[in-house]
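In: turn this into a structure:
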Amino acid sequence: MYERLDATFHALSDPTRRAILARLAKGDASVLDLAEPFDMTQPAVSKHLKVLERAGLIARTRDAQRRPCHLEPQPLKQAADWLGTYREFWEASYSRLDEYLRELQPKEKPRDVKKTRNHRRAR
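Out: Numbers count the residues shown, from 1 in each chain. Here you go, the predicted structure:
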């Protein structure tokens with residue numbers, strides 16, 4: 001399980017690969033379509049696709065001459081689930097911080113309504 005998780009996080013560590021995944025989340029695309037927004041060669045994009053494919057984040061199919069890529073979301077879900085195990089830790093930490101900040105707040109004294117009214121009249 002951790003090998004797959006390591007491969008997923010490695011693949012996600014690169015902004016180009018994250019952009020490719022974001023594009024594939026909208027639907028299948030060819031290598032040429034995926035390469036279009038980047039200032040890099042098609043072989044460079046293919047290397048990124050191989051990393052994504054090894055991580056199980058994308059799959060390529062054959063459609064006559066085309067080899068469209070599509071998103072395989074399961075490894076992303078596994079990564080999100082793994083990260084989610086730490087959510088409880090962070091929420092507890094934030095709750096403790098909120099409590100501490102409330103303790104630091106000065107206790108407000110009730111305002112003297114009569115002084116406020118008299119002050120307004122004096123103006």
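In: and the end-to-end length of stretch 68-87?
Out: 36 Å (C-alpha to C-alpha, to the nearest Å).
In: actually stretch 50-68, sorry about that
Out: Start-to-end span of stretch 50-68 (C-alpha to C-alpha) is 13 Å.
In: go on, stretch 20-37?
Out: First-to-last residue span, stretch 20-37, C-alpha to C-alpha: 10 Å.
In: repeat that for stretch 83-92.
Out: First-to-last residue span, stretch 83-92, C-alpha to C-alpha: 15 Å.
In: on the three-state scheme, the residue nearest in space to the middle of the chain is what?
Out: The residue lying closest to the centre of the chain (C-alpha atoms, centre = their mean) is A80, at 9.0 Å. Put simply, A80 is helix when judged by DSSP: H, G, I helix; E, B strand; the rest coil.
In: that one and L104, how far apart?
Out: The gap separating A80 from L104 is 35 Å, by C-beta to C-beta, to the nearest Å. C-beta here means a position set from N, CA and C on the backbone, and glycine is covered the same way.
In: neighbouring contacts of stretch 18-36?
Out: Stretch 18-36 is contacted from outside by 12, 37-38, 41-42, 45-46, 48-49, 52, 57-58, 66-71, 76, using C-beta atoms under 8 Å, 6 or more residues apart in numbering.
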